[in-house]
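Participant: Here is a sequence together with a model predicted from it:
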Amino acid sequence: MEYLFAYGTLLKHFENEVLKPLEDFLTFTGEGLLKGELYDLGEYPALIKAKELSQTVAGEVYSIDSNANHVLAALDEYEGPEYSRQQQWVRLHNGKEVRCWVYVYQYTPGPNHIKIIDGDYLAYIRNKVDNG
């Protein structure tokens, strides 16, 4: 079984158009955390490897059915060359760990990129909207 970890614009809240044709191949498994740091790049976030073990990123885990190659190829195209698809361990809220495909930013965030301290992109965006 293949799994996908979504932490940014692929979260179900954003109703991303790239996911519409893939919905039949993805099943929501639960929310989870992985080791990493999250940065606001403007229109989307960037996940990078954590410098400290205590840093985590929140997201959603989806199982991918037998058409995993089709789904991952579409997502690779959407994410583009800025991101590398890698497998990482994600801890689900029930304590179970699953190995997921995750898109990791390939560059070092710049000085204008804001670190999302709690690693939760959705909460960060909601707070940003509420505070104008």
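Facilitator: It's in. Numbers count the residues shown, from 1 in each chain.
Participant: thought Ala58 was touching Gly119?
Facilitator: Yes: using CB atoms under 8 Å, Ala58 is in contact with Gly119, at 5.6 Å. All C-beta atoms are positioned from the backbone trio N, CA, C, and that covers glycine.
Participant: any idea how far Ala58 lies from Leu75?
Facilitator: 19 Å (CB to CB, to the nearest Å).
Participant: no, scratch that, I was asking about Val98
Facilitator: From Val98 to Leu75 the distance is 17 Å (CB to CB).
Participant: which other helices and strands contact the lowest-mean-pLDDT helix or strand in the chain?
Facilitator: Every helix and strand in the chain was compared by mean pLDDT, DSSP states H and E; the lowest is helix 121-130, with a mean of 89. Helix 121-130 sits against strand 37-40, strand 56-64, with contacts defined as 3 or more CB pairs under 8 Å, 6 or more residues apart in numbering; DSSP states H and E.
Participant: Apply 6 Å and report the result again.
Facilitator: If you count contacts as 3 or more CB pairs under 6 Å, 6 or more residues apart in numbering; DSSP states H and E, helix 121-130 packs onto no helix or strand.
Participant: Show me which residues of it are buried.
Facilitator: 121-122, 124-125 (16 or more other CB atoms under 10 Å).
Participant: Contacts only, for Glu31.
Facilitator: 60, 93 (CB atoms under 6 Å, 6 or more residues apart in numbering).
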